[in-house]
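Engineer: Just need the structure, nothing else, for what follows:
(one chain, ligands or ions: 1)
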Amino acid sequence: MFGQIQDYQKKKNKVIINYEQHSGEVEFISPSIVNFFAPISNQRRFSRAVEEIKGDNNISFEVTEDVGIILKTEQLKVVIHDQFKVDIYDKDDEIISKDYRGERKPFIRRGKGDIIAEEGHQIIKGNIKNRIEVLKEMTGEEYFYGLGEQTGPLNKKGYRYQMWNTDDPSPHVESFESLYKSIPFVIILKDGLAYGLFFDNTYRSYFDLGKESSQYLYYGVDNGNLNYYFIYGPSIKEVVEKYTYLTGRTPLPQLWTLGYHQSRYSYDSENRVREVADKLREKDIPCDAIYLDIDYMDGYRVFTWDQEKFPNFEKLISDLKKQGFKVVTIVDPGIKKDNGYLVYDEGLSNGYFARDKDGIPYVNRVWPGESLYPDFSSEEVRKWWADKQNTLLETGVAGIWNDMNEPASFDGPLPVDLQFENEGHQTDHQEIHNVYGHLMARASAEGIKKYSGKRPFVITRAAYAGTQKYSTVWTGDNQSFWEHLRMSLSMLMNLGLSGMAFCGVDLGGFSFDCSGELLARWVQAGAFTPLFRNHSAAYTRDQEPWCFDLETERIYRNYVKLRYRLIPYLYDLFWQEQKTGLPIIRPLVLHYQDDENTYELNDQFLVGENILVAPIVQQGQLARAVYLPSGRWVDYWTKEIIEGGRYILRKTPLDTCPIFIKEGSLIPNYKVEDDLDSEKQELILDLYPGDLNYVHYQDDGESFNYQKGEYNLYQFEVTCSQGLTISINKIHQKYKSYKKFTFMINNYQAEEVLVDGQPHFFQNDGNRVLLVVASDVKEIKIEQ
Ligand code: GLC
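Structural biologist: Here you go, the predicted structure:
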């Protein structure tokens, strides 16, 4: 496609290489992030994912010529050849990634696909040739992670995926090549070293990770430009950090958003909503949010509500607020075609809807019947949409749920030549499709920020790389299948590695009927997922925690309460995530990259670095193997100390999800309350002794004042030689402090406790020490 190198020029951080056909650009974003760009379809470098790079704009690198053009930074050596083939070495000259030089060798599909399809089998049309193709050599030793929420296992080796946001409610299985989100970012781990490839092109694209051939991985796209980033780790952590440096990070959320959320398609009247809210309180199940799905609207007209079913909409919301609930309302993109309906009239008269190629506003069908699609690729439309959020915010609504934004359509797919404004660079649906949901979520977040002044809470189904800056995501319409509980773990781990730190699944499953046992097992995993929301479809069995039997209800309550205890730990993880991009739910390989046993652990995850969860994902399973990486681990339930670096077997009666805490951990807890609204006076510190240094973050949990410095950082340093010493250092103090700290020191017995040098009251309670101190103490010494 490119031909031979003719000449090249160096310009700042970039080298531009002129080939016989086309030119290629190689730009250093940092010494370990390189962008490869070739203007195949146009000259545009405009990105929906990489909005601003605050990096060093003067990166030093050498350029020399040998067998190719050699570019050398302090971390990488990039060699550019004819045909814009690229080989990348580390600073010790070890090869990291090599472009494949041969031809593609797709496998043959024998027999007649058509006849098989006639019987109803799904046939995979494969081996598509794309206009832009990138092939990188594989040796067979690679592991692949990322790519968002795709089906299949944690390691994507041997799978092929398509980036094309798709609303397909049939049961999501491994033959699905695309789901609701397109995140064209893959992490490759080989010989213990990791790098990432991020292909920033929004058109329909293909990833083949060793399915077509074991010799190469393949990326292909038919339109747009060649535009990809090579991101060197060598740790997966660094790859994620650098990828989120490019595409942005999830901003600190409001505290209540980390609580439990109760949803249903639909709580469709004021009475039903009040009934569910009362029941949650009566049953002592903490909860912070209730969702209103499409039936709250007047005839599915967005930014309206049904006056008959919700005669006192604002009163309902303010009453719920008094009970500690926030309300989240769904807002879909499809605008009902309906003269006299304000949103439609405004959209039409201002030319805000996507148009067909003759310039006529395009109509398809979604929930409201005939509907039009706002053109979110236009800044003006996004501003209009942002302003519309206020209709709901004014009533007291606290969060917005964006759905059907792939965009979904009931009368066949949207035509590929549908026209979009695209910030003045008019384009068609093919380019906008994968960012439609991303841009909608962005407009929603901007509106919420503008009108509420609080940190926006948006939940979106469709997304592209970078959506994490605006919204939380969920994995769409799963089913109440054990299989989907199992798959949700790898989906969430890969979403996290793909920058989507704030993610969740419909707990209990959306379609089909849940069972008590499935719900009990699902809440055990769900209690650790960043977005913790039970949601289910119309006509399915009720799925609220009390709808099965008392045992399910008891287990559900206990795990929701466990979640509420862990809120400050989760909030700390979000605080750190803003700085590192590291997800909340993590595959073990993220922290144990040298341990091959962790590379394909699909059914265990870490929450942060200190909590390991091994949920039960099969019916009737009363024991399971758990892999504990090296070091010592403490069983959360029994406090037994276990040597890691091996598999252990755990009994798992229905109420037990195996949870382990890394020795040398301090897990901050809150006392469990109905909701997270009240001001916290006490921080409980669940200590698993070992030398450690932990920083805890505290702020008002909702405003942007933290950006002005109004927050606290408490540093706890624990050392275990000659008894146990806890030093507390307030490294930042600009917010109202807790009144007291309650320490629970596990697997420890005290003889004497000195607080700032003075003897202090304590209790040896079973196998732990309990101790309450004022929050301004500096040092606690515990003699054994
Ligand atoms: C879609 C959503 C689902 C929602 C339903 C009705 O199927 O994925 O969560 O309940 O639409 O709005």
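
Engineer: burial of the closest residue to the ligand within the stretch 451-600 of the chain, as a residue count?
Structural biologist: The stretch 451-600 of the chain approaches the ligand most closely through Asp477 (4.6 Å), counting by CB to the nearest ligand atom. For glycine as for every other residue, the C-beta is placed from the backbone atoms N, C-alpha and C. When counting by other CB atoms under 10 Å, one arrives at 23 neighbours for Asp477.

Engineer: In three-state terms, label it for me.
Structural biologist: For Asp477, the assignment made with DSSP: H, G, I helix; E, B strand; the rest coil gives coil.

Engineer: wait, isn't it in contact with Asp506?
Structural biologist: Yes. Assessed by CB atoms under 8 Å, Asp477 is found in contact with Asp506 at 7.5 Å.

Engineer: what sits in contact with each of the two?
Structural biologist: Listed as contacting both Asp477 and Asp506 by CB atoms under 8 Å, 6 or more residues apart in numbering is no residue at all.

Engineer: Convert the C-alpha atoms of stretch 198-210 to CSV, please.
Structural biologist: This file holds the C-alpha atoms of stretch 198-210, laid out as CSV (Å, rounded to 0.1, in the frame of the first residue of the first chain):
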residue,chain,number,x,y,z
PHE,A,198,-4.8,1.4,20.5
PHE,A,199,-6.3,1.8,17.0
ASP,A,200,-8.1,5.2,17.1
ASN,A,201,-10.4,4.8,14.2
THR,A,202,-14.2,4.9,14.7
TYR,A,203,-15.2,3.0,11.6
ARG,A,204,-16.2,-0.7,11.8
SER,A,205,-13.0,-2.5,12.4
TYR,A,206,-11.8,-6.0,13.0
PHE,A,207,-9.4,-7.6,15.5
ASP,A,208,-8.2,-11.1,14.9
LEU,A,209,-6.1,-12.3,17.8
GLY,A,210,-4.7,-15.5,16.4
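
Engineer: Please shift the residue numbers so they start at 11 in all later answers.
Structural biologist: Understood, numbering begins at 11; the last thing we discussed is stretch 208-220.

Engineer: From the chain's centroid, how far away is it?
Structural biologist: 19 Å (CA atoms, centre = their mean, to the nearest Å).

Engineer: residues of that stretch that come out buried?
Structural biologist: 208-220 (16 or more other CB atoms under 10 Å).

Engineer: re the thing from before, what sits against the residue of the stretch 461-610 of the chain closest to the ligand?
Structural biologist: Neighbours of Asp487 in contact, by CB under 8 Å, 6+ apart: Asp177, Pro179, His182, Asp516, Phe520, Ser521, Ala547.

Engineer: Spatially central residue in the chain, please.
Structural biologist: Met510 (2.4 Å; CA atoms, centre = their mean).

Engineer: Can you give me the pLDDT of that residue?
Structural biologist: pLDDT for Met510: 98.

Engineer: correct me, but it touches Gly158?
Structural biologist: Yes. The criterion here is CB under 8 Å, and Met510 meets it with Gly158 at 7.0 Å.

Engineer: Pull up the overlap in contacts between these two.
Structural biologist: In contact with both Met510 and Gly158: Lys191, Ile193, Ala473, using CB under 8 Å, 6+ apart.

Engineer: All set, thanks.
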